[in-house]
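# Have a look at this fold, sequence not included:
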């Protein structure tokens, strides 16, 4: 199995966000089928280029833990 290129992962992130709107990082890594560290790295680059926005939430209603969501800019 060959590794996907960073550009392909970024394209997939943008495609998924267009389809689903705002998603948590966890939901995004499941839908893009990659790991959380890759998602974080690629999302940070997309933020730098003003393609997406990150929102940090203090508490999830279900788990009580903080979480981060991503949406198109």
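Cool, the structure landed. Small disclaimer: the values here were computed from a predicted structure and weren't measured. Numbers count the residues shown, from 1 in each chain.

# Give the helix, strand or coil label for residue 42.
helix (DSSP: H, G, I helix; E, B strand; the rest coil).

# element containing the closest residue to residue 21 other than its chain neighbours, please.
Of all residues not flanking residue 21 in the chain, residue 71 sits nearest, at 6.4 Å (CB to CB, 6 or more residues apart in numbering). Every residue, glycine included, has its C-beta placed from N, CA and C. Assessed by DSSP states H and E, residue 71 sits inside strand 67-72.

# longest helix of the chain?
Taking DSSP state H as the criterion, the chain has its longest helix at helix 6-20.

# what packs against it?
Packed against helix 6-20 by the contact rule (3 or more CB pairs under 8 Å, 6 or more residues apart in numbering; DSSP states H and E) you find helix 25-32, helix 36-48, strand 52-57, strand 67-72.

# what number of residues lie near the residue nearest to residue 21?
Neighbour count of residue 71, defined by other CB atoms under 10 Å: 13.

# ok now do it, which residues does it touch?
Contacts for residue 71 (CB atoms under 8 Å, 6 or more residues apart in numbering) come out as 17, 21-23, 52-53, 55.

# Show the buried residues in those.
With burial judged by 16 or more other CB atoms under 10 Å, the buried subset of the contacts of residue 71 is 17, 23, 52.

# will you turn the residues you listed into JSON lines that also has distance to residue 10 and pLDDT?
JSON lines is the format used below for the buried ones among the contacts of residue 71 (distance: CB to CB, whole Å; pLDDT from 0 to 100):
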{"residue": "17", "distance to residue 10": "11", "pLDDT": "97"}
{"residue": "23", "distance to residue 10": "15", "pLDDT": "95"}
{"residue": "52", "distance to residue 10": "10", "pLDDT": "96"}
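
# which among those gets closest to residue 39?
residue 23 (10.1 Å; CB to CB).

# Other residues contacting stretch 35-53?
Residues outside stretch 35-53 that contact it (CB under 8 Å, 6+ apart) are 6, 9-10, 13-14, 17, 25-26, 28-29, 32, 54, 70-73.
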